[in-house]
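Engineer: need coordinates for the below:
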Amino acid sequence: MLLPNPTVTYSNPDTTATLTLRPANNSGGVSLVTVTATDDGPGNAAFSQSFLVFIKSSVNTLPTVSIIAAQTLPEDATSPTLSFNVRDAETPVAAVTVLARSSNQQLLPNANIVVTGTTTNRNLTLTPALNQTGTAAVTLTAVDGAFGSSNMTFNVTFTNVNDTPSISTIANQTISEDTSTGLINFTVDDVETRPGNLTVLGKFGESNFGA
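Structural biologist: Got it, this is the predicted structure:
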């Protein structure tokens, strides 16, 4: 076990707790640590946070990640490919793993950050959640063969793009001459504009058929 005795210190009713981690002797690797808070209400509701701990040799040279400049991108679209480099003095570059995480999961879920490449040159694409705008900090973590790690963080801002309104489907209608269909119901919607502020116009085309 890499972290045999994690220690949590907490005193009720404090809002701050401390966690102490001590790896086993002569150990190295990655350990997932989960901290859980449980209340005393009905059902004992609980909430957990997890994070990775990289345990490395003290003589390992850490990998490096080149800088990516801050990005400003439109909403609802995947970013252009963002290129960056990773290097390590001891680990073959193909064995350097790059992990990515976002500070704003509602705007940019981790699953929407795609890192590709196994050479020094790596690529990154970002896809925001639908109809979401705002700023997220993206952190890339390079991990080498001895579990040494380095972080590089940049900001990405997704800006608002006007979405087109939508109209529900209206089925084809058949009526006799000199009569009326009556009211034909349909719905309109828009992401940014309230329905009451939308303008709805009708355009009519005609086709003549022989009697």
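
Engineer: domain map for the chain?
Structural biologist: As assigned by automatic domain parsing, the chain contains the domains 7-55, 64-159.

Engineer: most neighbours per residue, which of those domains?
Structural biologist: domain 64-159 (a mean of 16; mean count of other C-beta atoms under 10 Å). The way it works is simple: take the backbone N, C-alpha and C, and place the C-beta from them, glycine included.

Engineer: low-confidence ranges in the protein?
Structural biologist: Within the chain, the stretches with pLDDT under 70 are 26, 57-59, 206-211.

Engineer: quick check, central residue of it?
Structural biologist: Central residue of the chain (C-alpha atoms, centre = their mean): residue 109, 1.5 Å from the mean position.

Engineer: now do the contacts for that residue.
Structural biologist: 102, 129 (C-beta atoms under 8 Å, 6 or more residues apart in numbering).

Engineer: distance of it relative to residue 179?
Structural biologist: 54 Å (C-beta to C-beta, to the nearest Å).

Engineer: ok, which stretches of the chain are strands?
Structural biologist: 7-9, 18-20, 29-38, 46-55, 64-65, 71-74, 82-87, 97-102, 113-116, 121-126, 134-143, 149-159, 166-167, 188-189 (DSSP state E).

Engineer: quick one on the thing from earlier: quick one: closest of the domains of the chain to residue 185.
Structural biologist: Evaluated over those, closeness to residue 185 peaks at domain 64-159, with 25.9 Å, by C-beta to C-beta.

Engineer: what about that closest one, start to end distance?
Structural biologist: Using C-alpha to C-alpha, to the nearest Å, the end-to-end distance of domain 64-159 comes out at 30 Å.
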